[in-house]
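> Based on what follows, work out the 3D shape:
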Amino acid sequence: MNELAIICVDDDPEILSSLEMEIKEVVGNTYLIELAENGEDALEIYEELSEEGHEITLVISDYIMPNMKGDELLKRIHLRSPKTIKIMLTGQADIEAVSHAIHYANLYRYIPKPWQPADLRLTVKEALNTYLQNQKLAEYTDELEKNNQALIKLNQDKNEFLGIAAHDLKNPLSVIQGYAEMIIEDYDDMSKSEVVEVNHLILNSSRQMCELVRNLLDVNAIESGKINAELSRVDILPTVQILANTYSTRAKTKNISVQLHQQQNQYDAFVDKNTVHQILDNLISNAVKYSPHGKHINIRMRQLEEKICCEIQDEGTGLSTEDQQKLFSKFTRLTPKPTGKEHSTGLGLFIVKKLVEAMNGNVWCESELGKGTSFFVEFPVFLSTCANKVSKDIVY
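Presented below is the predicted three-dimensional model:
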């Protein structure tokens, strides 16, 4: 940390030396004391100290000096550093000069020459205490302002959060209400297949609501610091296999194939098993959701020195640079749309990133418009891994 500094200015070397001695009686070696015999030198010293990062707490200047008088010097110092305490010290200043310094330089005090040593020392002590108190007050005010802005931002986020949540819940609720009323009013005129079809629509809408509520609860847990990830040695390959198999079945409705590529039969990571499932479930489901009909999804597992990497690659439309920049934000609405009229809450990738980071992992995206998208997730390796290396490509 750079020293606090005091600048003393007087064209009489003896007075300057005496002034330095008096100040040292007050501050000892806790302040850097610089001496100047005229205003021009004082400004140069000020600039040099400022460039070196020193805080100039106090400037004591004589009034009558060649070329630049003390009130003008203090005015220039004040323009550069309003917080610096300024004291004018002279026996020849008139009322107009003192008023000028008070008005334009925020003069702390005027002390006549010859000064009383006790009075000078007390004034210096009080001036330095005032500077430090003002500094603490400014820091406290800045902290209050930052906290206030943070609270305003939180309130804005909350209002936006509730507004979007209410909007996204309103649509499926309206669907459920409308079809429920249809069954009540037209049941006697409906065939069994029509009732089943309407109930499927109600079921899909209720699933949308459940997904959104589940995501909202996850976001609340994340932002409240209540992510509960119990890290242990976990072979994540079975989780990947189960998810690949599950989404392969779902992807058949869009004629999409899911292929898992692995180089070994065990991938031991230091993670929370349920959290890994949630992360990969989201990423693989997104690949299916945004892939056009008849395309391929490749899931690649790689063992690195200290990481296990899982890549989920699709052959969709890709993401623009703008989309990639906001990819992991809350309630993100991207340019690509689900290709099978699937529902999206805009929260999944935000949750994924937070969950990955909670386990000391990393997640990112690589994409090019028209050439598909790859999501990469790295999990920390369990250091005592001793997996047998077997290369397999599995098509579901």
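> Pretty sure residue 107 sits in a strand.
No - read with DSSP: H, G, I helix; E, B strand; the rest coil, residue 107 is coil and lies in no strand.
> Is it in contact with residue 90, as I believe?
No - assessed by CB atoms under 8 Å, residue 107 is found out of contact with residue 90, at 12.0 Å. Yep, even glycine has a C-beta here, placed from its N, CA and C like the rest.
> Secondary structure element holding residue 78?
Using DSSP states H and E, residue 78 maps to helix 70-80.
> quick one, what contacts residue 372?
Counting by CB atoms under 8 Å, 6 or more residues apart in numbering, residue 372 touches 313-318.
> try residue 180
Contacts of residue 180 by CB under 8 Å, 6+ apart are residue 202.
> three-state assignment of it?
Strictly by three-state DSSP, residue 180 counts as helix.
> same thing with the one 3 residues further on?
Under the three-state scheme (three-state DSSP), residue 183 adopts helix.
> again with residue 7
strand.
> quick revisit: what does the helix holding residue 78 rub up against?
Under CB under 8 Å, 6+ apart, the answer for helix 70-80 is 9, 39, 42-43, 46, 50, 56, 59, 61-65, 84, 86, 88-90, 93, 97-98, 100-101, 104-107.
> What of stretch 243-256?
Under CB under 8 Å, 6+ apart, the answer for stretch 243-256 is 257-258, 260, 277, 280-281, 284-285, 287-288, 291-297, 299, 339-340, 394, 396.
> again, only using 6 Å
Outside stretch 243-256, the residues that touch it by CB atoms under 6 Å, 6 or more residues apart in numbering are 258, 260, 280-281, 284, 288, 291, 293-295, 299, 340, 396.
> Identify, from those, the entry nearest to residue 231.
Residue 231 lies nearest to residue 280 out of those, by CB to CB, at 16.5 Å.
> Apart from its neighbours in sequence, what residue is nearest the closest one?
residue 243 (5.5 Å; CB to CB, 6 or more residues apart in numbering).
> The one you found: neighbour count?
Look at residue 243: counted by other CB atoms under 10 Å, it has 22 neighbours.
> again with residue 309
Neighbours around residue 309, by other CB under 10 Å: 16.
> For my notes, confirm it occurs in a strand.
Yes - if the criterion is three-state DSSP, then residue 309 is within a strand.
> Look at the residue nearest to it when sequence neighbours are not counted and tell me its secondary structure.
Leaving aside its sequence neighbours, residue 309 sits nearest to residue 302 (CB to CB, 6+ apart; 4.5 Å). Assigned by three-state DSSP, the conformation of residue 302 is strand.
> same deal with residue 42?
From three-state DSSP, the assignment for residue 42 is helix.
> got the residue ranges for the strands in the chain?
In the chain, the segments counted as strands under DSSP state E are 4-9, 31-36, 55-62, 85-89, 109-111, 232-235, 257-262, 268-271, 296-303, 307-313, 362-367, 373-380, 392-395.
> Lowest-confidence entry in the contacts of stretch 243-256?
The pLDDT minimum for these sits at residue 396, where the score is 42.
> about what we covered before: are any of the contacts of helix 70-80 buried, and which?
Neighbour counting with 16 or more other CB atoms under 10 Å marks 9, 39, 42-43, 46, 56, 59, 61-63, 65, 84, 86, 88-90, 93, 97-98, 100-101, 105, 107 as buried within the contacts of helix 70-80.
> Could you pull out the buried residues of stretch 74-90?
Quick answer for stretch 74-90 (16+ other CB under 10 Å): 74-78, 81, 84-90.
> and if you look at stretch 261-275?
Buried, per 16+ other CB under 10 Å, within stretch 261-275: 261-262, 264, 266-273, 275.
> any low-confidence regions in the stretch 51-200 of the chain?
Across the stretch 51-200 of the chain, the ranges flagged by pLDDT under 70 are 92-94, 97, 161, 164-165, 167-168.
> can you map out the helices along it?
Assigned by DSSP state H, counting those that start in this stretch, the stretch 51-200 of the chain shows helices spanning 70-80, 95-105, 117-186, 192-223.
> Would you mind finding the most buried of the ones you listed?
When neighbours are counted by mean count of other CB atoms under 10 Å, the highest per-stretch mean among the helices of the stretch 51-200 of the chain falls to helix 70-80, a mean of 21.
> Pull the most distant pair out of the contacts of residue 372.
Top of the distance list for the contacts of residue 372 (CB to CB): 313 and 317, 13.8 Å.
> quick one on the thing from earlier: output the strands of the chain as JSON lines; include the columns distance to residue 195.
Supplementary listing: the strands of the chain in JSON lines, determined by distance: least, CB to CB, whole Å:
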{"stretch": "strand 4-9", "distance to residue 195": "82"}
{"stretch": "strand 31-36", "distance to residue 195": "87"}
{"stretch": "strand 55-62", "distance to residue 195": "79"}
{"stretch": "strand 85-89", "distance to residue 195": "85"}
{"stretch": "strand 109-111", "distance to residue 195": "91"}
{"stretch": "strand 232-235", "distance to residue 195": "45"}
{"stretch": "strand 257-262", "distance to residue 195": "34"}
{"stretch": "strand 268-271", "distance to residue 195": "45"}
{"stretch": "strand 296-303", "distance to residue 195": "35"}
{"stretch": "strand 307-313", "distance to residue 195": "39"}
{"stretch": "strand 362-367", "distance to residue 195": "43"}
{"stretch": "strand 373-380", "distance to residue 195": "40"}
{"stretch": "strand 392-395", "distance to residue 195": "39"}
